[in-house]
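1. sequence first, predicted model second:
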Amino acid sequence: MADTSDTRTPAQIEADIKRRRAVLAETLDEIGVRVHPKTIVGDAKAKVVSNIDNTLGRAYVGVNRAVSDVKAKFTDEDGAPRMERIVPVALVAVGLVGLLALGTRRRKG
């Protein structure tokens, strides 16, 4: 059987009660801060900002990779332009702009 007698003095018991009250008060204060609306809103904002930063970072990496891929198709290893690839793309772009301009003229006239 376990000994259930308390050999502490009344002063030790009072000190223990004061210490436990202080710990309890601190715990209640922490809970009060955590459930305070401003804290909840602040935490939510921080999470949203973190998610946006993460999404923008991934988007930046993706765009940077795409630009690098396109650049690699239109330049050689030394960085010089590859005219055999640039000229056909430029001609197609000029043709599309011309068709759009022609279509706009026909609608107005």
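-> Good, I have the coordinates. Numbering: from 1, shown residues only.
2. run through the neighbouring helices and strands of the lengthiest helix in the chain.
-> In the chain, assigned by DSSP state H, the helix with the most residues is helix 37-74. Helix 37-74 sits against helix 83-108, with contacts defined as 3 or more Cβ pairs under 8 Å, 6 or more residues apart in numbering; DSSP states H and E. All C-beta atoms are positioned from the backbone trio N, CA, C, and that covers glycine.
3. what is the orientation angle of the longest helix of the chain with helix 83-108?
-> With axes from the mean of the first three to the mean of the last three Cα atoms, to 10 degrees defining the directions, helix 37-74 sits at 110 degrees from helix 83-108.
4. now find how far off-centre helix 37-74 is within its chain.
-> Taking Cα atoms, centre = their mean, to the nearest Å, one finds helix 37-74 lying 5 Å from the centre of the chain it belongs to.
5. quick one: average pLDDT of it?
-> Mean pLDDT, computed over helix 37-74, is 94.
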